[in-house]
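S.K.: have a look; sequence and predicted model below, questions after that.
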Amino acid sequence: MHCVEKVSRVRRLLIVVFFAALAAGCGEPQRETASGAPGEAKADTGAANMLHLYNWNNYISEDTVKRFEAYCKCKLAQDYYSDNEEMLAKLAAGASGYDVLVPTGNTVETLIKSNQLRPLDRSLLPNLTNIKPEYLDPWYDPGNQYSVPYAYSVTLIGYNVEKMRELGLPTDTWAVIFEPKYLAKVKDKVTVLDSQRELTAAALKYLGYSINEGGEEKLKQARDLILRAKPYWAAFNASSYIKELTIGNIWLAHGYSNDMFQAQQDAAKAGRKFTIGYSTPQEGAVIAVDNMVLHRSGKRPDLAHMFINFMLEGKNSAELTNQIGAGNPNADAMQYINPGIAANAAVFPDKEGLKRMEMMRDLDRRQRRVLARIWIEIKVR
């Protein structure tokens, strides 16, 4: 009974703070009490009117940031990470004070299990109804108690359209990445992601298995497939493949949909005599949904809820897709998205396409050891 009363009191206080902030233009901030509820004492000067966001690089439009700051009369301070493991490591090392994080699904599950997240107050998120039903109630957070979908990417194939056509190579199958009969035509013009999970996931999909397969026998099949193809690849590359595609050094790349979008745009702006295309292999692919969550160490849950609800507005959500080609789980955003992007099945897969995609799940300790050993073999042989 005491727990119920406490939760109700916290919710009432959050609602009061939220609407008081709206009325006063996010005036004087509140400090959290030990119970996690906003208290009466003023926050430290450094935290006053400041929302701390820990986000992926280039994952929010500058125009969106400016509009949010004008809307709440507060400042948005950002730190950046390049992958989920980096973010988890920084938090484990003691980093605190972040109000909002943007982790991928399996990392949301990790953060929930380690009790690092603050439950959402859905009464402060009326725009949550804008999210497409297929992106709600995910396996990593049933009922969306802690997370709100933000954007997603698909791991797929990017390519030089003219070269692939000239060589008669398919662009809708992982076979072009793994089969020597195709790779012989593009030797040293292919890169794959320098990521053990992503590369083995592509191999597993091509073999007809789940990307989350942890059995040693099937992982060894994926290893053998990769080792057979490796002599034809130019590099394992998770950083500069966008540039390499854009300038024509690489003709084929395994990478992320938003990166391929950027390469396509950069090549067009530079007036290249070729175009960059990208497609989702028919065997299926990895889909990674990033989410907005509230970290327990954040000092401004009121601003955090306000930020999430603001980003759930269609126009604000659409800006990210128009800027970097990120997939968008927001139904209201579709009316504001560039028609060319909205019609791209690699960015917005239909229901049948979604059935062939999987989200990565965390492997158990034994599976991680097996995969780590196999990855070493792949890199050294």
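M.R.: Sure thing, it's come through.

S.K.: check which helix or strand Ala222 maps to.
M.R.: helix 216-229 (DSSP states H and E).

S.K.: pull out the buried residues from that helix.
M.R.: Residues 216, 218-219, 221-223, 225-226, 229 are the ones in helix 216-229 that count as buried (16 or more other C-beta atoms under 10 Å). Where you see a C-beta, it was placed from the backbone N, CA and C, and this is true even at glycine.

S.K.: how about stretch 177-187?
M.R.: 177-179, 182-183, 185-186.

S.K.: with stretch 200-220 instead?
M.R.: Applying 16+ other C-beta under 10 Å to stretch 200-220 flags 200-207, 209, 211-213, 216, 218-219 as buried.

S.K.: from the chain's centroid, how far away is that stretch?
M.R.: What separates the centre of stretch 200-220 from the centre of its chain is 22 Å, taken as C-alpha atoms, centre = their mean, to the nearest Å.

S.K.: now stretch 300-312
M.R.: That offset, for stretch 300-312, works out to 19 Å (C-alpha atoms, centre = their mean).

S.K.: so who does Ile242 touch?
M.R.: By C-beta atoms under 8 Å, 6 or more residues apart in numbering, the contact set of Ile242 is 255, 259-260, 262-263, 266.

S.K.: among the residues you listed, which are in strands?
M.R.: Secondary structure from DSSP state E places Gly255 of those in strands.

S.K.: the contacts of Ile242: which two are farthest apart?
M.R.: For those, the maximum inter-member distance is 13.7 Å, found between Gly255 and Asp266 (C-beta to C-beta).

S.K.: closest to Gly168 among the buried residues of stretch 177-187?
M.R.: Lys185 (8.1 Å).

S.K.: just to confirm, which helix or strand has that closest one in it?
M.R.: Using DSSP H and E, Lys185 falls outside every helix and strand.

S.K.: quick check: pLDDT value at the residue nearest to it when sequence neighbours are not counted.
M.R.: Leaving out its chain neighbours, the residue that sits closest to Lys185 by C-beta to C-beta, 6 or more residues apart in numbering is Leu167, at 4.7 Å. Note on Leu167: pLDDT of 98.

S.K.: you'd agree Leu167 is up against Val186?
M.R.: Yes. In this structure, Leu167 is within contact of Val186 by C-beta atoms under 8 Å, at 6.9 Å.

S.K.: so how far is stretch 219-232 from its chain's centroid?
M.R.: With C-alpha atoms, centre = their mean, you get 27 Å for stretch 219-232.

S.K.: what residues does that stretch touch?
M.R.: 177-180, 183-184, 186-188, 190, 199-200, 203-204, 206-207, 209, 213, 370-371, 374, 377-378, 381.
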